[in-house]
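>>> Next input, structure requested:
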Amino acid sequence: MKRVLNLVLQSAKPRTVGSLIFSRNKQKMAVSPSLNSLSKVPKSSSPKPQIFNLLTTTPKTHFKFTPIFKQSTLSLFTAGHANQKPTIKHHSNSSTRCLFTGIVEEMGEVKQLGVADHGGFDLKIHANTVLDGVKLGDSIAVNGACMTVTDFDKRLNEFTIGLSPETLRTTALVELEPGWKVNLERALRSVDRVGGHFMQGHVDGTGEIVGMEMEGDGLWVKIKTEKSLLQFIVPKGSIAIDGTSLTVLNVFDDESCFNIMLVGYTQKHVVLPLKKVGQKVNLEVDVLGKYVERLLGAYKTS
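Next up, the predicted model:
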């Protein structure tokens, strides 16, 4: 062993052998780690404690720690609202959210119909009952078409509605003239009785009166319409004619017609008996029939 050490010391100055520096000492031989060494041999002096930065260093452990400053996903929904009550948005009234029953409240009188100063098409109606508690933006069915009140004058007992180009194309309102009567019904409230059937006030199309005949005190009315509407009309089913909820009695598929009968009381409170053969009426079929047809159509194509 002594001979080996002599050979090493004679060949060069003290140098690093592997990862250790050897130095000669008469008393003893010390082995110390090099500053540049990558050896895993521990230092001779007491090792200094290592301080880990918990924010940047991943601890060598089987458990995964989440830094306390990291925002929780849940906080994205609750931040700033911990002490607040949930807010419920109230949507403004619109025709798509209104329901009617087809029980006419009164007949109003057309006062004016035509192009207004603002460029739109306005319809002004004289009424009494439906003006009770009326507000701008309220919905009133006029001959079965859900319309929005744009102006009213309680002193003159009049209110105004605007008619869109689509309304003029798809309803019979365009045929109205000053002095004519129209059926009026306010939107249904949750506490009201449903005397007729649920109606949306969305006119599906028009029909033409092709026959009117009295039998006793009852009035038979025969109406012709398009086959696309007739498929939703069934005997003993409900239909809205100018906003009046009526019961279909017969359907004549070969003529594309159906008929109804008005009793004496109804004749005095709706506009249908005031019309003549050849005039048009607004029709709204039962919405349930439209949903069924839509679902069956999707089933057949799938």
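>>> Go ahead and confirm Leu173 touches Leu163.
Yes: with contact defined as CB atoms under 8 Å, Leu173 and Leu163 form a contacting pair (6.2 Å). In short, each C-beta sits where N, CA and C put it, glycine included.
>>> Mind checking which of these two has more residues around it?
Neighbour count, other CB atoms under 10 Å: between Leu173 and Leu163, Leu173 has more, with 25 against 21.
>>> Tell me the predicted confidence for that one.
pLDDT recorded at Leu173 is 94.
>>> Same check on Phe100?
As summarised for this prediction, Phe100 has a pLDDT of 89.
>>> same question, Lys227
Reading off the confidence values, Lys227 has pLDDT 94.
>>> Looks like it contacts Glu255 (just checking).
No: applying CB under 8 Å, one finds Lys227 not in contact with Glu255, separated by 10.6 Å.
>>> So, low pLDDT: which residues of the stretch 151-300 of the chain?
When the per-residue scores of the stretch 151-300 of the chain are filtered using pLDDT under 70, the ranges that remain are 190-193, 195, 299-300.
>>> Asp242 against Val142, yeah?
No: assessed by CB under 8 Å, Asp242 is found out of contact with Val142, at 9.2 Å.
>>> Identify the contacts common to these two.
Val182, Asn183 (CB atoms under 8 Å, 6 or more residues apart in numbering).
>>> just to revisit the earlier point, give me the common contacts of Leu173 and Leu163.
In terms of CB under 8 Å, 6+ apart, Leu173 and Leu163 are both contacted by the residues Leu123.
>>> can I assume Ala127 is in contact with Asn183?
No: Ala127 is beyond contact range of Asn183, at 10.9 Å (criterion: CB under 8 Å).
>>> okay, the two: which has more neighbours?
Between Ala127 and Asn183, counted using other CB under 10 Å, the more crowded position is Asn183 (26 against 22).
>>> Just the element for that one, please.
Per DSSP states H and E: Asn183 is located in strand 181-186.
>>> Neighbouring strands - and their directions - for that strand?
Strand 181-186 has the following strand partners under DSSP bridges: strand 106-115 (antiparallel), strand 139-142 (antiparallel).
>>> Same list (those) but as a markdown table, adding mean pLDDT and mean neighbour count.
A markdown table is the format used below for those (pLDDT from 0 to 100; neighbours: other CB atoms under 10 Å):
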| stretch | mean pLDDT | mean neighbour count |
| --- | --- | --- |
| strand 106-115 | 95 | 16 |
| strand 139-142 | 96 | 27 |
